[in-house]
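Student: got a predicted structure here, sequence first:
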Amino acid sequence: MLTNTDPSLRRGWHPVALSSEVGDEPVPIRLLGEPWAIARLDDRVVAFADRCPHRLAPLSAGRVDGPELVCGYHGWRFVASGECAAVPALGPGVPAPKRARATPAWGAAERHGLVWLAPEEPFADIIDLPEADDHAFDSVWLEVVQTSSCAGLLADNFLDTAHLPFVHADTIGAGEETAVPPYKVTPDGNGFRAHLNQTVANPEDPGVAAGLRPLIQRRRSTYVYSPPFQLRLVLEYPDAGVTNTIFFCLQPEDTGSTRVYTRLLRDDLGGDQERLADAARFEQAILAEDIALQERFRLDGLPLMPDRHDRHDGGDGGDGGDGGEEVSIRADAAGLALRRVLTMLAERARRGAASRPAAGMRYARRAPTGSRP
């Protein structure tokens, strides 16, 4: 079971704030059950464990002064590397004690309108979002949602297409076929892609209201996944000639707390801000339907594969044979791929932990905090 505080998740890039949420002062966040302080030092995003090495006061209660983060308790000053630049109580020119260092994350970065944090060297890069640089697409962030559901289950739900006619009967699931056709999942770097062709309801198409096109239309869905919880869904409607992209990333804060970031990108709105706002409200309603069900789960984490060499039979709609409590069918191919990737991530993290030197010895070269992948 992969919970929100599983140590293996330290080896990943995680979204921890919208870029717009990080201004001139440090911001406290939680990730994997741990407190962190993120700040801009000379316009460069950095992340420190949220404790001063002096008396363990939260660094997020301090302030930013140019290239330095100043502790609010005794005024100790830290630069991006974590080195202490000054201790006021020692007087001018007196060097700080050697152990007077803040603890930086392996890396912090800004991409796609988010601030990202990697506590340790990550197994995979931050996912690409090419639509963000395409001027044909209008873009809007949904309201950030905090939920008691775990990140693994939310990622699994995002990849699941069989639930649409049932959970989303009042929105996108209206009139959708309940049978999920066979689809292909292919490796993509450290993650995977899934391609699915369906006929679905497209109520947002103006051509439907005008009588130009039917409500039920063809749709090609491409899911792109990068571990641990980065997803991009490209929805192509060839009948309407439009493409919608949903960027969906998860911040596992604590056991029982996940922050959900969703960005909608569309190429059919022509800069119409009113239609973009309507699209965001519609997408927010879809997300609310998912969250309402996910919060009723009685699971602390995502079930993983008992044996990563087990393989789903993929064909006849019978038991997926994954050997756990779950019974899987061919429609669950993307969900099974998610479990396999996260199982392998957990195994790699355990092997790495077993091979590390004794405590106090450095075992990996640390990238400068604020680095961009």
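Tutor: Received the coordinates, thanks. Numbering: from 1, shown residues only.
Student: need the contact list for the residue nearest in space to the middle of the chain.
Tutor: The chain has Cys249 as the residue nearest its centroid, 2.7 Å off, counting by Cα atoms, centre = their mean. If you count contacts by Cβ atoms under 8 Å, 6 or more residues apart in numbering, Cys249 has them with 15, 114, 127, 229-231, 261. (C-beta placed from N, C-alpha, C; glycine too.)
Student: going by distance to Phe166, which of the residues you listed wins?
Tutor: The nearest member of these to Phe166, counting by Cβ to Cβ, is Leu231 at 20.8 Å.
Student: Tyr261 - that's part of a strand, no?
Tutor: Yes. Remark: Tyr261 belongs to a strand, assigned using DSSP: H, G, I helix; E, B strand; the rest coil.
Student: give me the sheet partners of the longest strand seen in the chain and which way each runs.
Tutor: In the chain, taking DSSP state E as the definition, the longest strand is strand 242-254. Strand pairing for strand 242-254, determined by DSSP bridges: strand 230-237 (antiparallel), strand 257-266 (antiparallel).
Student: looking at the ones you listed, which is buried most?
Tutor: Of all those, strand 257-266 has the most neighbours on average by mean count of other Cβ atoms under 10 Å, namely a mean of 22.
Student: give me the mean pLDDT for that one.
Tutor: Strand 257-266 shows a mean pLDDT of 98.
Student: related to what we said a few turns ago, would you turn the strands paired with strand 242-254 into TSV with distance to His54?
Tutor: Compiled in TSV, the strands paired with strand 242-254 are given as follows (distance: least, Cβ to Cβ, whole Å):
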stretch	distance to His54
strand 230-237	36
strand 257-266	29
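Student: and these: which comes nearest Cys84?
Tutor: Among these, strand 257-266 comes nearest to Cys84, with 30.9 Å by Cβ to Cβ.
Student: could you point out which element follows that closest one?
Tutor: Per DSSP states H and E, the first helix or strand lying C-terminal to strand 257-266 is helix 273-294.
Student: low-confidence stretches in the protein?
Tutor: Applying pLDDT under 70 to the chain flags the ranges 174-176, 307-324, 354-373.
Student: break it into its domains for me.
Tutor: Per automatic domain parsing, the structural domains of the chain span 2-118, 130-345.
Student: re earlier: buried ones in the longest strand of the chain, by neighbour count?
Tutor: Using 16 or more other Cβ atoms under 10 Å as the test for burial, strand 242-254 gives 242-254.
Student: convert that strand to PDB, retaining C-alpha atoms only.
Tutor: The C-alpha coordinates for strand 242-254 follow below in PDB (Å, rounded to 0.1, in the frame of the first residue of the first chain):
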ATOM      1  CA  VAL A 242     -10.900  20.800 -31.100                       C
ATOM      2  CA  THR A 243      -8.300  19.600 -28.500                       C
ATOM      3  CA  ASN A 244      -8.600  20.000 -24.700                       C
ATOM      4  CA  THR A 245      -5.800  19.200 -22.300                       C
ATOM      5  CA  ILE A 246      -6.100  18.700 -18.600                       C
ATOM      6  CA  PHE A 247      -2.900  19.000 -16.500                       C
ATOM      7  CA  PHE A 248      -3.400  17.200 -13.200                       C
ATOM      8  CA  CYS A 249      -0.800  17.000 -10.400                       C
ATOM      9  CA  LEU A 250      -1.000  16.000  -6.800                       C
ATOM     10  CA  GLN A 251       0.800  17.100  -3.600                       C
ATOM     11  CA  PRO A 252       0.700  14.400  -1.000                       C
ATOM     12  CA  GLU A 253       0.800  16.600   2.100                       C
ATOM     13  CA  ASP A 254       0.100  14.100   5.000                       C
END
